[in-house]
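**Student:** Return atomic coordinates for the entry below.
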Amino acid sequence: IGAAAAPDRGVAASQVLLASGGIAHAWLQVADTVSIPASQCDPVTADGLRVALPGAPGATYLAHRFAACAATISGTQILAIQPIQPGAARRGSAQ
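**Tutor:** Numbering: from 1, shown residues only. Below you'll find the model as predicted:
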């Protein structure tokens with residue numbers, strides 16, 4: 001459903017090297033599609049996300065239901081992904 005997540009250019013990207021067993025994270029921002037008129041959005045429920053790392057072969061499926069738009073809306077990005085950051089994510093912090 002829809003386009004791939006756009007990169008969030010508001011967060012500086014840097015190379016993240018992980019030791020064996022290391023942890024990194026990236027925040028995914030999902031737009032609130034309720035604010036988009038249904039005639040433009042063609043609202044649907046997504047069952048999950050296909051997640052792929054840049055430059056890596058293949059992808060992983062992550063089951064997660066959320067509201068989405070089946071239609072492509074010019075100038076509107078439903079998904080945005082921040083750069084990978086080292087360490088575990090802190091819930092509610094966007095860090």
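
**Student:** which intervals of this protein have sub-threshold pLDDT?
**Tutor:** Under the criterion of pLDDT under 70, the regions of the chain flagged as low confidence span 93-95.

**Student:** ranges for the strands of it?
**Tutor:** For the chain, the strands identified by DSSP state E occupy 6-7, 24-25, 28-30, 43-51, 60-69, 79-81, 85-86, in order along the chain.

**Student:** Identify, out of these, the most deeply packed stretch.
**Tutor:** Highest mean neighbour count among the strands of the chain (mean count of other Cβ atoms under 10 Å): strand 79-81, with a mean of 17. C-beta here means a position set from N, CA and C on the backbone, and glycine is covered the same way.

**Student:** Remind me what that strand packs against, helices and strands.
**Tutor:** Contact partners of strand 79-81 among helices and strands, from 3 or more Cβ pairs under 8 Å, 6 or more residues apart in numbering; DSSP states H and E: strand 6-7, strand 28-30.

**Student:** Mind putting those into JSON lines with distance to Ser20?
**Tutor:** Formatted as JSON lines, the entries for the helices and strands packed on strand 79-81 read as follows, by distance: least, Cβ to Cβ, whole Å:
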{"stretch": "strand 6-7", "distance to Ser20": "28"}
{"stretch": "strand 28-30", "distance to Ser20": "25"}
